[in-house]
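>>> The following block contains a protein sequence and its predicted model.
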Amino acid sequence: MRRGQPRHEAGICSAYRRPIIAFMTTGMVSALRCAACGSPSARIELVAPGGLPAEWGRWSHEERNSFRQYRDPDQWWLLFQGIAAGNGGGGAITDEEAARIAEAFSMPWTYDRVHTAGLYDDAGFCATCGVPYCYRHWRVTRPGYGYCPEGHGKSLDPHWSPEDFGP
Ligand SMILES: [Zn+2]
Ligand SMILES: [Zn+2]
């Protein structure tokens, strides 16, 4: 079993309280909310090398064991909950990918910046409205495809994988 350094443990407390944490220190949590109803939509978390997820205390025994098994403590770890699906217990990403995602989700959030993260559903952002919506407001009419409240269509294809992070 590996544990993070005390400085990472301290960082998790602040990451838990604040929506965004300065990059390259303790990681980052971006919890987006639907522009139509305010309920949680997508959630993106970057876990710094050696660190633990912000909500570690709420992870199940199985989730923790899986994380410990697959986690490379030298690498950044991405946890992504999208609109229709996410990357489950997460996956390792490179420093470059972590930097790109952190930049994409630095405030203020705009579609153009969020889009540069390369997430399959752009974290639920509508390209035309420029705001995020939740699953309910992305009226999903067929698997992996929905319409925003303004009627703009979007693919919410859940077949996400780290390989999608092309340059
Ligand atoms: Zn909503
Ligand atoms: Zn729209």
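Perfect, thanks for sending it. Ligands and ions are numbered 1, 2, ... in the order given.
>>> What residue, apart from its backbone neighbours, is nearest the residue sitting nearest the centre point of the chain spatially?
Among the residues of the chain, the one closest to the centroid is Ile44, at 1.6 Å (CA atoms, centre = their mean). Spatial nearest neighbour of Ile44, chain neighbours left out: Ser30 (4.5 Å); criterion: CB to CB, 6 or more residues apart in numbering. Yep, even glycine has a C-beta here, placed from its N, CA and C like the rest.
>>> so that neighbour is in which element?
Using DSSP states H and E, Ser30 sits within strand 27-33.
>>> helices or strands up against that strand?
Strand 27-33 sits against helix 6-17, strand 40-47, with contacts defined as 3 or more CB pairs under 8 Å, 6 or more residues apart in numbering; DSSP states H and E.
>>> And it, what's buried?
Going by neighbour count (16 or more other CB atoms under 10 Å), the buried part of strand 27-33 is Gly27, Met28, Val29, Ser30, Leu32, Arg33.
>>> Would stretch 121-136 count as contacting ligand 1?
Yes. If you take CB under 5 Å from the ion as the test, stretch 121-136 does meet ligand 1, through Cys134.
>>> what pLDDT, on average, does that stretch get?
Here stretch 121-136 scores 96 as its mean pLDDT.
>>> same thing with stretch 67-74?
Computed over stretch 67-74, the average pLDDT equals 93.
>>> And the contacts of it?
For stretch 67-74, the external contacting residues (CB atoms under 8 Å, 6 or more residues apart in numbering) are Met1, Arg2, Pro49, Gly50, Pro53, Trp59, Trp77, Gly89, Gly90, Gly91, Ala92.
>>> Which parts of this structure are helices?
Using DSSP state H, the helices found in the chain span residues 6-17, 61-70, 95-104, 111-115.
>>> who in this structure is up against ligand 1?
With CB under 5 Å from the ion as the criterion, the chain meets ligand 1 at residues Cys34, Ala36, Cys37, Cys134, His137.
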